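S.K.: All I have is the shape, not the residue letters:
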């Protein structure tokens, strides 16, 4: 069955774009969840929250500066503080140049941090940039064919990336540095608050409003961008190359990296929130368990090496930290003591009533 011209020339170029937008929306949901956790621990860890806000401001300001650089507007002022960032151009340009600069400001922070990690990943994982075309695919330049290729490349990259994370060597300086860098970027993909005099909350609705305004205020520029995307697709199809799908596959990889970074930062924030309920020195025990359990397992595997020693060491580290945290919550936290006392009081009241 031959594909219709409408499928090839109208719908096929939209397939990779739709895949990237879906991943970006998932990334937005993770960011919103992370901001909720940061608000929960803010009273006890204000310094950490301010640090994550600073990271978000840095990436946001760098993206704005990059937008001015791309449009050749130049940079006359570059200012960053814990809760505010500003970039002023040397030349005030309107029209498409201003729109591109704002596009970098609003959309860039979702991809720039992940792009830095992707560069680091290139030196740690073999063939991470491989573009895969499924064999014997029917209708290569149809919407189904483009989705198939995009999904395949996303799966192949994700398998290599998560395989690397599952077998990461924390005693290797490069691997440990990559993980720490990943955590920092995950914590600071977007700032929580901006502004000095008037503090505006930066949440999912704020981001969507900015992007919606970017589209509604200048629809001609959006149409122009889509036109370039379609032309790029037609050129790739004419020369029978994978340039178009390769470009959007890279955007998909960036979203996967961002989501993984946000997930790891979620785990750290949940650990902080949980240990806050454990009083005194006991709250430090889970953090000490992390390096102790990992080094202990690696010491064992130094004398008795096995094939999956890195993965097993990570699994033991995570499992032992969970067990220690749960036991401390059960026997040392005030919350569990209160629940236990309430149960004992309820039994006593019921016993008195029976008598």
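M.R.: Received, thanks. Quantities reported herein were computed from a predicted structural model and do not represent experimental measurements. Numbering: from 1, shown residues only.

S.K.: Secondary structure class of residue 231, three-state.
M.R.: helix (DSSP: H, G, I helix; E, B strand; the rest coil).

S.K.: With residue 141 instead?
M.R.: coil.

S.K.: For burial, what's the neighbour tally of it?
M.R.: 20 (other C-beta atoms under 10 Å). Just so you know, the C-beta spots here come from the backbone N, C-alpha and C atoms, and that holds for glycine as well.

S.K.: Would you agree it is in contact with residue 9?
M.R.: No - counting by C-beta atoms under 8 Å, residue 141 does not reach residue 9; the two are 9.1 Å apart.

S.K.: Can you check which residues contact both of those two?
M.R.: The overlap between the contact sets of residue 141 and residue 9 (C-beta atoms under 8 Å, 6 or more residues apart in numbering) is empty.

S.K.: Show me what counts as buried in the helix or strand hosting residue 150.
M.R.: If you go by DSSP states H and E, residue 150 is part of helix 143-166. By neighbour count with 16 or more other C-beta atoms under 10 Å, helix 143-166 contains the buried residues 143-154, 156-158, 160-161, 164-165.

S.K.: Do you know the pLDDT at the residue lying closest to residue 37 once chain neighbours are set aside?
M.R.: Among residues not flanking residue 37 along the chain, residue 269 sits closest, at 4.2 Å (C-beta to C-beta, 6 or more residues apart in numbering). The model reports residue 269 with a pLDDT of 93.

S.K.: now the one 5 residues further on
M.R.: On pLDDT, residue 274 comes in at 91.

S.K.: Toward the C-terminus from the helix holding residue 150, list the very next helix or strand.
M.R.: Going down the chain from helix 143-166, the next helix or strand is helix 173-187, by DSSP H and E.

S.K.: could you give the angle of that next one to helix 143-166?
M.R.: Calculated by axes from the mean of the first three to the mean of the last three C-alpha atoms, to 10 degrees, helix 173-187 forms an angle of 120 degrees with helix 143-166.

S.K.: so for helix 173-187, what's the average pLDDT?
M.R.: Rounded mean pLDDT across helix 173-187 is 91.

S.K.: So which other helices or strands are in contact with that helix?
M.R.: helix 46-70, helix 112-122, helix 243-275 (3 or more C-beta pairs under 8 Å, 6 or more residues apart in numbering; DSSP states H and E).

S.K.: Run the angle between the longest one and helix 112-122 for me.
M.R.: It refers to helix 243-275. Using the same axes, to 10 degrees, helix 243-275 lies at 100 degrees relative to helix 112-122.

S.K.: Show me which residues of helix 243-275 are buried.
M.R.: 244-245, 247-262, 264-266, 269, 271-272, 274-275.

S.K.: For the residue positioned nearest the centre of the chain, give me its contacts.
M.R.: The centroid of the chain falls nearest to residue 258 when counting by C-alpha atoms, centre = their mean (2.4 Å). Counting by C-beta under 8 Å, 6+ apart, residue 258 touches 27, 30, 110-111, 113-114, 186, 189.

S.K.: Residue 158 too?
M.R.: residue 256.

S.K.: Tell me the confidence at residue 205?
M.R.: At residue 205, pLDDT is 70.
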